[in-house]
Each structure stands twice: as structure tokens, then as C-alpha cells.
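S.K.: Quick one: sequence plus predicted model below, questions after.
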Amino acid sequence: MRIRAQASGDKAIVRVLMSHEMESGQRRDSAGKIVPAWHIQEITASHNGKVVMTAEWGPAVSKNPFLQFNVKGAKAGDKISINWKDNKGDSRTDEATVS
């Protein structure tokens with residue numbers, strides 16, 4: 001996961017690029033078998049440990065999704081943490097410092 005957080009006035013603009021296949025469960029492979037669903041279901045963003053955003057996604061989100069949002073009150077040096085969980089139980093957490 002790549003996270004970029006840039007201070008802009010009294011907020012930070014956070015951009016996140018997640019590496020995930022995001023299979024819908026509706027596509028067939030070359031042998032004609034349905035590829036099982038595998039997608040991110042829940043995303044949580046924290047600013048210095050306090051949750052500032054949550055999102056619920058489904059199978060309609062594209063492969064390697066991009067997310068952008070603003071965090072009011074964030075300034076240079078603050079920590080932004082992103083956590084996602086998918087429908088297979090996998091999860092990932094990464095952190096960036098606001099610049």
C-alpha cells in the first residue's frame with residue numbers, strides 16, 4: 001500500500017493506492033470455472049490513533065483501488081494509518097507521516 005499525506009492549510013490531503021486483486025466472484029477463468037470473490041470489505045483511516053474515516057467496499061471496486069480523502073486538523077509530522085480487511089480474512093495496515 002502506498003500512502004501520501006500532504007498538509008494543505010488546516011487539513012491534510014491523503015492519497016492511498018492499495019495493491020489488491022479485487023475479484024468480484026462473477027468472472028470465469030480460462031477453464032470456465034468461476035474465480036472466487038476476493039475483495040476488500042472494510043477500510044479504516046486513523047489520524048494520530050483516532051479513527052477519522054471508515055468505508056465498506058464490495059466486489060464492484062476495481063483492482064488496485066485508489067482512495068483520496070481530507071483530514072481536518074492534520075499538520076506536518078502527524079501520523080496517518082490505513083487498515084483494510086478483505087472477505088478472506090486477510091488484512092494490512094500501513095502508516096505515513098504528513099509532510
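M.R.: Yep, that arrived.
S.K.: Only C-alpha atoms from now on, for both contacts and neighbour counts.
M.R.: Noted.
S.K.: List the contacts of Thr93.
M.R.: Ser81, Ile82, Asn83, Trp84 (Cα atoms under 8 Å, 6 or more residues apart in numbering).
S.K.: SS state for the residue in the chain sticking out farthest from the centre?
M.R.: In the chain, Ala31 marks the outermost C-alpha relative to the chain mean, sitting 31.6 Å out by Cα atoms, centre = their mean. Here Ala31 is coil, with the state taken from DSSP: H, G, I helix; E, B strand; the rest coil.
S.K.: Which pLDDT value goes with it?
M.R.: Reported pLDDT at Ala31 in the predicted model: 96.
S.K.: Give me the number of neighbouring residues for Val51.
M.R.: Here the count is done by other Cα atoms under 10 Å, and Val51 has 13 residues near it.
S.K.: nearest residue to it other than its sequence neighbours?
M.R.: Nearest non-adjacent residue to Val51, counting by Cα to Cα, 6 or more residues apart in numbering: Ala45, 5.8 Å away.
S.K.: picking that back up, any figure for the gap between the residue farthest from the centre of the chain and His39?
M.R.: 22 Å (Cα to Cα, to the nearest Å).
S.K.: Over to Gly49?
M.R.: 25 Å.
S.K.: so which of the contacts of Thr93 is the most crowded?
M.R.: Ile82 (22 neighbours).
S.K.: what does stretch 59-66 contact?
M.R.: Counting by Cα under 8 Å, 6+ apart, 15-25, 37-40 sit against stretch 59-66.
S.K.: burial count for the nearest residue to Ser24 once chain neighbours are set aside?
M.R.: Excluding its sequence neighbours, the residue lying closest to Ser24 (Cα to Cα, 6+ apart) is Pro59, at 4.4 Å. Other residues near Pro59 number 17, with proximity taken as other Cα under 10 Å.
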